[in-house]
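**Q** here is my input; please provide its structure:
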Amino acid sequence: MRRTPILLTAVLLLAGLAAAAQQLLPASFSGWKGTVQPGLSPAAVISSDHQAGVTVNGASAALQEYGFVAGENGAYKKGPEALQVDVYRMKDPSGAYGLLTYLRAPDMTHANLATHSFVSSGEALILTGNLLIDVHGKELQRQTADLKTLARDVGAHAEGGALPSLWEELPGQKLVPGSDRYVLGPQTLDQFFPVAVGNSVGFNSGAEAEVAQYRSGTGQATLLLVDLPTPQIANHTLSQLAGQYDVNGSKPGSGAPLYAKRLMTTIVIVAGAPSSADATKLLNQVQSSEVLTWNQPVLKGKQADIGTIVVGTIVGTGAICAFSLVAGLAFGGIRLAVKRAMPGKIFDTQKQLQVLQLGLSSKPISAEDFYDRSGPRIKMSEVERNLPDRVALRLFRGKEKS
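**A** Numbers count the residues shown, from 1 in each chain. This next block holds a predicted model:
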């Protein structure tokens, strides 16, 4: 019976430790003291005073497509001043960057709070890894030092990673400031692009998109960049778009005209242009930054002329011959020296004679024949006459005469 309270206490303690470990906002910073509410749902984290056009339902869809994981809400006070801070934990830095562009208001300018941060009089957005900090207050431009401290404290819990670079492909000429958005899903794209092409640009194939507004002629045009994994997928996606929408005059009268082209793995689409000439001009401003490289090794040296080849051949042959001569003399000299120092012990022993025998006669070869000169010399003519084959030949001839 006593185990139940102990077990319950342990579970509550572990739950409290887990909640404390997940807390992103500090209890206080730079004199600001407040309360933190961790583990909030997306609808509870989204503030209601964002720019016009970003609804709670639209923001909820964007949070899901950007990879929302968890959120926290904190209220801070410092004397008569107050701050409302929301923190969005996304699955990766790309999703956090996309949410930054989604929540950024047109009147916000670049701030010196982080590499990617924006501020206005009433709101500040700070990107740190996979975390996005959204601060609401009054005259936030004067709170730069305090906001940097907040970003440093929250950034200690962030996860790093690569950030998107598709925005670098956007032309800078006649770009409406603050209108660029990084998009990772169809519902978010349909909120910023005048034609509902979100389900047709290949997000299910791993696409990422960048959309921005441009001053074109007497009005504005919307430029959309869709980057896909391979050129084949990009070409197939563009063909599907041409079959569903009026792309480059493919289906006249079926809706708002779209103008598009493909650059390697990127599809460039223009909508809302006053004329086809304005759309073409905007399309031509987008240039692919992808470069094909050839990684096969290339011979950097120059081919030698015929004279160098002939001289090199002669010199090489002479070097080989000289080496052979020196090696032969060295081998022969060492062999003779060893024979004189230790005759019959290493080379040409009685059991192993290193002489080739052609078998032209039946007389066996002995090593002593080469080195022993103390006994009487034998006349080879008598030995050859008395060899078995010679005797057999004389007997055979004698029988023939008889």
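**Q** and I233, that's in a strand?
**A** No: with DSSP: H, G, I helix; E, B strand; the rest coil as the criterion, I233 is assigned helix and is not in a strand.
**Q** quick check: it touching V201?
**A** No: in this structure, I233 is not within contact of V201 by CB atoms under 8 Å, at 10.9 Å. Bear in mind the C-beta positions are built from the backbone N, C-alpha and C, glycine included.
**Q** higher neighbour count, the two?
**A** V201 (24 against 16; other CB atoms under 10 Å).
**Q** can you tell me the closest non-neighbouring residue to that one?
**A** Once flanking residues are discounted, V201 sits nearest to V226: 4.7 Å by CB to CB, 6 or more residues apart in numbering.
**Q** sketch out the low-pLDDT regions of the stretch 201-350 of the chain for me.
**A** Residues of the stretch 201-350 of the chain meeting the criterion pLDDT under 70: 288-301, 347-350.
**Q** that one: helices as residue ranges?
**A** 231-244, 276-284, 306-341 (DSSP state H, counting those that start in this stretch).
**Q** does the residue nearest to V201 touch A209 like I think?
**A** Yes: V226 lies in contact with A209 (CB under 8 Å); the separation is 4.8 Å.
**Q** any idea which element the residue at minimal distance from the centre of the chain lies in?
**A** Centroid-nearest residue in the chain, with CA atoms, centre = their mean: A162, separated by 11.1 Å. Using DSSP states H and E, A162 falls within no helix or strand.
**Q** quick one on the thing from earlier: out of the helices of the stretch 201-350 of the chain, which gets nearest to M264?
**A** Nearest to M264 among the helices of the stretch 201-350 of the chain is helix 231-244; the distance by CB to CB comes to 5.6 Å.
**Q** contact partners of that closest one?
**A** Outside helix 231-244, the residues within contact range by CB atoms under 8 Å, 6 or more residues apart in numbering are 197, 200-202, 205, 207, 226, 228, 247-248, 250-251, 258, 260, 262, 264-267, 269.
**Q** ok, 10 Å please
**A** 195, 197, 199-202, 205-207, 226-228, 230, 247-251, 254-255, 258, 260-269, 290 (CB atoms under 10 Å, 6 or more residues apart in numbering).
**Q** only whichever of those residues are buried, select them in ChimeraX.
**A** Only the buried entries of the contacts of helix 231-244 go into this ChimeraX selection, using 16 or more other CB atoms under 10 Å:
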select :195,197,200,201,202,207,226,227,228,247,248,250,258,260,261,262,263,265,266,267,268,269
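**Q** L83 sits in which helix or strand?
**A** In the assignment (DSSP H and E), L83 maps to strand 81-90.
**Q** just checking: what are the partner strands of that strand?
**A** Applying DSSP bridges to the sheet, strand 81-90 is found paired with strand 68-78 (antiparallel), strand 131-136 (antiparallel).
**Q** ranked by average pLDDT, which of those falls at the bottom?
**A** Ranked by mean pLDDT, these end with strand 68-78 at the bottom, a mean of 90.
**Q** may I see the buried residues of it?
**A** For strand 68-78, by 16+ other CB under 10 Å, it's 68, 70-74, 76, 78.
**Q** before we move on, the earlier item: could you dump the strands paired with strand 81-90 into a markdown table and include distance to M90?
**A** Output for the strands paired with strand 81-90, formatted as a markdown table (distance: least, CB to CB, whole Å):
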| stretch | distance to M90 |
| --- | --- |
| strand 68-78 | 6 |
| strand 131-136 | 7 |
